[in-house]
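Student: model the structure of this input:
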Amino acid sequence: MLPLEGPYILIYALILIVVILISWIVYLEHRLNRWWRGKKASDLESVMIAIGGAIDDFETRHGVINEQLIDINRRLKKSVQKVQTLRYNPFRDQGGNQSFTTALINEEGDGVIISSIYSRDKVSVYSKPIRGLSSEYELTDEEREVLEQTKK
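Tutor: This is a model prediction of the structure:
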(Lines give C-alpha, C1' and ligand atoms only; values in the text may rest on other atoms or scores of the structure.)
Protein backbone atom coordinates (compact mmCIF):
# COMPACT_ATOMS: atom_id res chain seq x y z
CA MET A 1 0.00 0.00 0.00
CA LEU A 2 1.21 3.50 -0.91
CA PRO A 3 1.69 5.97 1.92
CA LEU A 4 -0.73 8.95 1.65
CA GLU A 5 0.82 11.31 4.16
CA GLY A 6 2.84 14.46 4.07
CA PRO A 7 5.31 14.83 1.21
CA TYR A 8 4.08 11.70 -0.60
CA ILE A 9 0.87 13.43 -1.69
CA LEU A 10 2.95 16.18 -3.29
CA ILE A 11 5.10 13.58 -5.09
CA TYR A 12 1.99 11.77 -6.41
CA ALA A 13 0.52 15.06 -7.64
CA LEU A 14 3.78 15.94 -9.44
CA ILE A 15 3.92 12.49 -11.07
CA LEU A 16 0.31 12.92 -12.26
CA ILE A 17 1.12 16.37 -13.68
CA VAL A 18 4.21 14.98 -15.48
CA VAL A 19 2.13 12.15 -17.02
CA ILE A 20 -0.51 14.63 -18.20
CA LEU A 21 2.13 16.93 -19.69
CA ILE A 22 3.86 14.04 -21.48
CA SER A 23 0.51 12.91 -22.91
CA TRP A 24 -0.24 16.43 -24.06
CA ILE A 25 3.19 16.77 -25.72
CA VAL A 26 2.73 13.45 -27.55
CA TYR A 27 -0.71 14.55 -28.73
CA LEU A 28 0.61 17.91 -29.98
CA GLU A 29 3.58 16.24 -31.66
CA HIS A 30 1.20 13.89 -33.47
CA ARG A 31 -0.94 16.83 -34.67
CA LEU A 32 2.12 18.79 -35.81
CA ASN A 33 3.48 15.79 -37.69
CA ARG A 34 0.18 15.47 -39.54
CA TRP A 35 0.17 19.19 -40.32
CA TRP A 36 3.76 19.20 -41.57
CA ARG A 37 3.23 15.85 -43.26
CA GLY A 38 6.25 14.21 -41.69
CA LYS A 39 8.66 17.13 -42.04
CA LYS A 40 10.86 18.28 -39.18
CA ALA A 41 10.16 21.46 -37.24
CA SER A 42 13.20 23.07 -38.84
CA ASP A 43 11.41 22.78 -42.21
CA LEU A 44 8.40 24.85 -41.12
CA GLU A 45 9.58 27.76 -43.28
CA SER A 46 9.84 25.52 -46.37
CA VAL A 47 6.36 24.13 -45.65
CA MET A 48 4.93 27.66 -45.51
CA ILE A 49 6.80 28.60 -48.72
CA ALA A 50 5.37 25.52 -50.45
CA ILE A 51 1.85 26.45 -49.30
CA GLY A 52 2.37 29.99 -50.58
CA GLY A 53 3.59 28.63 -53.91
CA ALA A 54 0.53 26.38 -54.17
CA ILE A 55 -1.73 29.38 -53.50
CA ASP A 56 0.08 31.44 -56.16
CA ASP A 57 -0.30 28.55 -58.64
CA PHE A 58 -4.00 28.30 -57.80
CA GLU A 59 -4.50 32.04 -58.37
CA THR A 60 -2.69 31.84 -61.72
CA ARG A 61 -4.82 28.90 -62.85
CA HIS A 62 -7.95 30.68 -61.61
CA GLY A 63 -7.06 33.73 -63.73
CA VAL A 64 -6.45 31.59 -66.82
CA ILE A 65 -9.76 29.76 -66.34
CA ASN A 66 -11.62 33.07 -65.94
CA GLU A 67 -10.08 34.38 -69.18
CA GLN A 68 -11.09 31.17 -70.96
CA LEU A 69 -14.66 31.45 -69.66
CA ILE A 70 -14.90 35.04 -70.87
CA ASP A 71 -13.66 33.94 -74.31
CA ILE A 72 -16.07 30.99 -74.39
CA ASN A 73 -19.03 33.21 -73.45
CA ARG A 74 -18.04 35.76 -76.11
CA ARG A 75 -17.82 33.05 -78.77
CA LEU A 76 -21.03 31.39 -77.60
CA LYS A 77 -23.01 34.60 -78.17
CA LYS A 78 -21.86 34.56 -81.79
CA SER A 79 -22.68 30.88 -82.41
CA VAL A 80 -25.93 29.68 -83.95
CA GLN A 81 -28.37 29.04 -81.13
CA LYS A 82 -31.78 29.27 -82.75
CA VAL A 83 -32.68 27.19 -85.79
CA GLN A 84 -36.15 27.18 -87.22
CA THR A 85 -37.41 25.60 -90.47
CA LEU A 86 -40.74 25.97 -92.23
CA ARG A 87 -41.75 23.75 -95.15
CA TYR A 88 -44.43 25.01 -97.48
CA ASN A 89 -45.90 24.82 -100.99
CA PRO A 90 -45.56 28.20 -102.75
CA PHE A 91 -47.54 27.04 -105.80
CA ARG A 92 -51.01 25.67 -105.09
CA ASP A 93 -51.22 23.65 -108.31
CA GLN A 94 -47.88 21.81 -108.00
CA GLY A 95 -46.38 19.11 -105.77
CA GLY A 96 -46.11 18.99 -102.02
CA ASN A 97 -44.25 20.99 -99.41
CA GLN A 98 -40.88 20.82 -101.14
CA SER A 99 -39.95 24.46 -100.55
CA PHE A 100 -38.54 25.58 -97.22
CA THR A 101 -37.24 28.54 -95.26
CA THR A 102 -34.64 28.09 -92.50
CA ALA A 103 -33.42 30.71 -90.05
CA LEU A 104 -30.02 30.35 -88.34
CA ILE A 105 -29.80 33.00 -85.60
CA ASN A 106 -27.35 33.66 -82.74
CA GLU A 107 -28.06 35.09 -79.26
CA GLU A 108 -27.66 38.67 -80.48
CA GLY A 109 -30.30 38.20 -83.21
CA ASP A 110 -27.81 38.05 -86.06
CA GLY A 111 -27.64 35.31 -88.67
CA VAL A 112 -29.12 34.29 -91.99
CA ILE A 113 -32.38 33.12 -93.51
CA ILE A 114 -32.09 30.57 -96.31
CA SER A 115 -35.06 29.93 -98.57
CA SER A 116 -35.40 27.27 -101.22
CA ILE A 117 -38.24 27.54 -103.72
CA TYR A 118 -39.01 24.30 -105.54
CA SER A 119 -40.89 24.18 -108.83
CA ARG A 120 -41.13 21.52 -111.53
CA ASP A 121 -38.54 23.24 -113.69
CA LYS A 122 -36.00 24.45 -111.17
CA VAL A 123 -34.98 24.97 -107.56
CA SER A 124 -33.96 28.45 -106.46
CA VAL A 125 -32.05 29.16 -103.25
CA TYR A 126 -31.96 32.58 -101.60
CA SER A 127 -30.24 33.84 -98.48
CA LYS A 128 -30.77 37.06 -96.59
CA PRO A 129 -28.59 38.40 -93.78
CA ILE A 130 -30.25 39.12 -90.45
CA ARG A 131 -29.04 41.79 -88.02
CA GLY A 132 -30.89 42.34 -84.77
CA LEU A 133 -33.75 40.06 -85.85
CA SER A 134 -34.46 42.14 -88.96
CA SER A 135 -33.19 42.30 -92.51
CA GLU A 136 -32.42 45.15 -94.87
CA TYR A 137 -34.01 43.02 -97.60
CA GLU A 138 -37.74 42.46 -98.03
CA LEU A 139 -38.82 39.27 -96.23
CA THR A 140 -41.53 36.95 -97.50
CA ASP A 141 -44.40 35.92 -95.24
CA GLU A 142 -42.72 32.55 -94.62
CA GLU A 143 -39.41 34.21 -93.78
CA ARG A 144 -41.11 36.60 -91.34
CA GLU A 145 -42.92 33.64 -89.75
CA VAL A 146 -39.68 31.68 -89.28
CA LEU A 147 -37.97 34.76 -87.85
CA GLU A 148 -40.84 35.25 -85.38
CA GLN A 149 -40.56 31.61 -84.29
CA THR A 150 -36.86 32.11 -83.45
CA LYS A 151 -37.81 34.93 -81.03
CA LYS A 152 -39.67 32.47 -78.80
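Student: for residue 122, phi and psi?
Tutor: Dihedral pair for residue 122: phi -160, psi 170, per degrees, to the nearest 10.
Student: count of residues packed around it?
Tutor: 7 (other CB atoms under 10 Å). Where you see a C-beta, it was placed from the backbone N, CA and C, and this is true even at glycine.
Student: and if you look at residue 114?
Tutor: 17.
Student: can you check residue 13 too?
Tutor: Burial of residue 13 is recorded as 10 neighbouring residues (other CB under 10 Å).
Student: swap in residue 10?
Tutor: With other CB under 10 Å as criterion, residue 10 counts 9.
Student: same deal with residue 29?
Tutor: 11.
Student: gap between it and residue 51?
Tutor: Distance of residue 29 to residue 51, computed by CB to CB, to the nearest Å: 21 Å.
Student: over to residue 62?
Tutor: Distance from residue 62 to residue 51, by CB to CB: 16 Å.
Student: do residue 102 as well
Tutor: 57 Å.
Student: more crowded one of the two?
Tutor: residue 102 (17 against 10).
Student: in this structure, which residue is most central in space?
Tutor: residue 69 (7.2 Å; CA atoms, centre = their mean).
Student: that one: helix or strand, and which one exactly?
Tutor: If you go by DSSP states H and E, residue 69 is part of helix 44-78.
Student: show me what the mean pLDDT comes to for that helix.
Tutor: Here helix 44-78 scores 90 as its mean pLDDT.
Student: and this protein, what are its domain boundaries?
Tutor: 7-75, 79-151 (automatic domain parsing).
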